[in-house]
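Q: I need the structure of the sequence given here:
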Amino acid sequence: MRDQPTRVVVVQFPHWSSYADAVGCSARSAFEPIVRAVVAHVPLVEVTAPGIIVFATRGPSRYVGGDDALAALVHAAIRQQLGAANDASAAQPHFGIGIADGRLTAAIAAQHSLHTGAPHVVAPGASHNVLVDTPVHALVQCVEVIGAVGAGVPGADDVASYREVVSLLQRLGLYRFGDVATLSEADLIARLGAFGRDLFRLAHGMDRHPPLAVAPPPDRVCSQQFDAPVESRDAVLATVDQLATGVVEHLVAHGLAVVRLHVLLESDHGERSERMWYRADGWSASAIVESVRWQLDAWIQHDAPTSGVVGVRLSPEQMVVDAGRQASLWGGERDGDRHAQRAIRRVADMHGAESVTIPTWRGGRDPARWFEFVRSDAVDLEHRVARDAAVPVTWRGSLPSPAPSLVFDVASDAHIDVCGADGQRVSVTSRHAMSDDPAVVRIGATTYDVLAWAGPWPVEERWWDARRARRAVRLQLLLRERGTEQTRAMIAVLEHRVWRLAAWYA
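A: Okay, the predicted model is just below:
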């Protein structure tokens, strides 16, 4: 089998979750119309996360007359869908389209397209020329497209781990992929382990997974035909759980793991839902069930099949040798974590995914909004990553670290008084100038003297929407309670001319 990269198209929306939040929808629900607009021209696409679409050009490119025509067609379809669903309360999201040999080069081309506003097509066989001058930091920006580089290493999915690896490469003098390509594969493996093997292939414009040299096991496709149409989503997912467990155990018995999976759902009236799923470090049974849940919900919400499901089929399309997963000596996944995952899935199957909520990182400028509770099916329980979340970014205007230990809900905050030395309440002008330096803080019947303070830190959000606009300022204060030597640090917020307690530091 020839070891050549697959020519792919990458459509990327940076920070998609922020746009979905602005329009008041979940990232999955907001992204489904975009997926449907692309599927209208391309039969099978991979949706690894909201904001990322990947599909092979073979077939679609020939049909429409080349890669340039395919890129223009997809670009026009997405533009048309965004225009039809445009919400005046949110700015139009930016997106990039890249076509190249291999997922990494296509993702880099999509990043270039973000700046130009037009699709970027890399000529066949020219991926290595693009990578020569590309900084290795592109690994961090393309993590959702290329997947876990060096799967099997605990934390390989974490963006922070990629930053550490990139920092190591830069300290070794390997600033660009061209520098990495000058080294031998053996040297990279000796220094970086499994990551070195993958990095060698990526630096040469190859796919991360080499072709499987052994014959695939027989009967690897799992399917289930129901005697009567099934209209219960939970019943369909229970069947998918059994099929997924069977196909994963079957491949594990042959020393293989599936990285690309084709899922087909069919109704009694012949309606079909097909989607390709990709996971660089291999699919587990629980991860397959969560992905099918996403696909099934989107099918029901947008296509509204007129009858129940009569058939489910799971077809592994690409397999790799299962190298196993190295357990960490300290930390990592423990037996208690696995028991908790099974318990959450059991409760969600009995009472619905909305019956179990899990805290996930959301980001933002207000500490009260950094985390939110989401449905259990919106979180990859195995890797503890929110599926709807984009790559974490540093929010401009957010409070510097360390984070406060006790954060109060805005709706339940008690008003406080922040006063100057003359006893008058401190105010802030529209130009963020304070009327006086804070000297005293009163919280209920307790009075604090201000030892030190920082700010004010302004916050101006959604100024384009009169109903949802927010304008506030924050102060960080170091306090000492009168009559005692006890000191505490807090965050005070001034909004609508009222001071409130936002958070305490430990």
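Q: contacts, neighbours, all on C-alpha from now
A: Fine.
Q: distance of the residue sitting furthest away from the middle of the chain relative to residue 436?
A: Going by Cα atoms, centre = their mean, the residue of the chain most distant from its centre is residue 422, 50.4 Å out. As defined by Cα to Cα, to the nearest Å, residue 422 lies at a distance of 9 Å from residue 436.
Q: identify the residue nearest residue 180 in space, chain neighbours excluded?
A: Taking Cα to Cα, 6 or more residues apart in numbering, and ignoring the residues beside it in sequence, residue 180 has residue 174 as its nearest neighbour in space, at 6.0 Å.
Q: shaky segments in the stretch 301-450 of the chain?
A: Where the stretch 301-450 of the chain drops to pLDDT under 70, the residues are 323-339, 342, 345-346, 348-354, 362-364, 377-397, 410-414.
Q: which residues in it form strands?
A: For the stretch 301-450 of the chain, the strands defined by DSSP state E, counting those that start in this stretch cover 309-321, 357-361, 371-375, 379-380, 385-386, 406-407, 417-419, 440-443, 446-461.
Q: most tightly packed of the ones you listed?
A: Per residue and on average, the most neighbours among the strands of the stretch 301-450 of the chain fall to strand 417-419, with a mean of 22 (mean count of other Cα atoms under 10 Å).
Q: so what does that one touch, helix or strand wise?
A: Contacts defined by 3 or more Cα pairs under 8 Å, 6 or more residues apart in numbering; DSSP states H and E place strand 417-419 against strand 440-443, strand 498-505.
Q: and the ones you listed as CSV, adding distance to residue 76?
A: Below are the helices and strands packed on strand 417-419 laid out as CSV (distance: least, Cα to Cα, whole Å):
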stretch, distance to residue 76
strand 440-443, 57
strand 498-505, 45
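Q: quick one, what contacts the residue farthest from the centre of the chain?
A: Counting by Cα atoms under 8 Å, 6 or more residues apart in numbering, residue 422 touches no other residue.
Q: tell me the helix or strand right after the longest helix belonging to the chain.
A: Using DSSP state H to assign secondary structure, the helix with the most residues in the chain is helix 233-253. Downstream of helix 233-253, the first helix or strand assigned by DSSP states H and E is strand 256-267.
Q: that next one pairs with which strands, parallel or anti?
A: strand 272-278 (antiparallel), strand 309-321 (antiparallel) (DSSP bridges).
Q: what residues of the next helix or strand along the chain from the shortest one count as buried?
A: Pointing back at strand 272-278 there. Next in sequence after strand 272-278, counting helices and strands by DSSP H and E, comes helix 285-298. Applying a neighbour-count criterion of 16 or more other Cα atoms under 10 Å, one finds 285-293, 295-298 buried in helix 285-298.
Q: residue 195 falls within a helix, correct?
A: Yes - using DSSP: H, G, I helix; E, B strand; the rest coil, the secondary structure at residue 195 is a helix.
Q: tell me the spacing between it and residue 474.
A: Following Cα to Cα, the distance that separates residue 195 from residue 474 is 43 Å.
Q: again, but for residue 294
A: Using Cα to Cα, which is the criterion applied here, residue 294 is 39 Å from residue 474.
Q: which residues of the stretch 101-250 of the chain fall in helices?
A: With DSSP state H, counting those that start in this stretch, the ranges of helices along the stretch 101-250 of the chain come out as 103-116, 127-132, 138-141, 143-146, 159-171, 177-181, 185-192, 194-203, 233-253.
Q: residues in contact with the longest one?
A: With Cα under 8 Å, 6+ apart as the test, helix 233-253 has contacts from 217, 220-224, 230, 257-258, 283-286, 288-289, 292-293, 296, 309, 312, 314, 322, 349-350, 352.
Q: try 7 Å
A: Contacts made with helix 233-253 from outside it, assessed by Cα atoms under 7 Å, 6 or more residues apart in numbering, are listed as 220, 222, 257, 284, 285, 288, 289, 293, 349.
Q: check the first one too.
A: Contacts to helix 103-116, defined as Cα under 7 Å, 6+ apart, come from residues 8-12, 94-100, 119-120, 127, 142, 145-146, 202, 205, 207.
Q: going through those, which ones are buried?
A: The neighbour-count test (16+ other Cα under 10 Å) applied to these identifies 8-12, 95-100, 119-120, 127, 142, 145-146, 202, 205, 207 as buried.
Q: from residue 112, how far off is the residue nearest to residue 442 when sequence neighbours are not counted?
A: Counting by Cα to Cα, 6+ apart, residue 442 lies nearest to residue 417, which is 5.1 Å off, once chain neighbours are set aside. Using Cα to Cα, residue 417 is found at 50 Å from residue 112.
Q: next: residue 487.
A: 51 Å.
Q: pick the most deeply packed of the helices of the stretch 101-250 of the chain.
A: Of those, helix 103-116 is the most buried (mean count of other Cα under 10 Å), at a mean of 24.
Q: between helix 194-203 and that helix, find me the angle.
A: Our comparison of helix 103-116 with helix 194-203, counting by axes from the mean of the first three to the mean of the last three Cα atoms, to 10 degrees, yields an angle of 60 degrees.
Q: let me see the mean pLDDT of helix 103-116.
A: Helix 103-116 shows a mean pLDDT of 89 in the predicted model.
Q: now it: how far from the chain's centre is it?
A: What separates the centre of helix 103-116 from the centre of its chain is 18 Å, taken as Cα atoms, centre = their mean, to the nearest Å.
Q: what is the end-to-end distance of stretch 223-239?
A: 10 Å.
Q: quick check: domain ranges of the chain?
A: As recorded under automatic domain parsing, the domains making up the chain are 7-203, 222-321, 335-386, 406-505.
Q: quick one: closest of those to residue 399.
A: Counting by Cα to Cα, residue 399 lies closest to domain 335-386 out of those; the figure is 6.7 Å.
Q: is residue 488 bridged to anything, and to what?
A: residue 479.
Q: look at it and report its pLDDT.
A: Each residue has a pLDDT score; the one for residue 488 is 88.
Q: how about residue 177?
A: Looking at residue 177, its pLDDT stands at 90.
Q: isn't it up against residue 203?
A: Yes - the pair formed by residue 177 and residue 203 meets the contact definition of Cα atoms under 7 Å, at 5.1 Å.
Q: what is in contact with the two at once?
A: With Cα under 7 Å, 6+ apart, residue 177 and residue 203 have common neighbours residue 131.
Q: now do the contacts for residue 315.
A: 221, 222, 261, 262, 263.
Q: same check on residue 258?
A: By Cα under 7 Å, 6+ apart, the neighbours of residue 258 are 282, 283, 316, 318, 319, 320.
Q: repeat that with 8 Å
A: 248, 251, 282, 283, 316, 317, 318, 319, 320.
Q: ok, the residues you listed vs residue 63, which is closest?
A: Each of the contacts of residue 258 was checked against residue 63 using Cα to Cα; the closest is residue 317, at 22.3 Å.
Q: what distance do you get for that closest one to residue 401?
A: Distance from residue 317 to residue 401, by Cα to Cα: 45 Å.
Q: and if you look at residue 492?
A: 16 Å.
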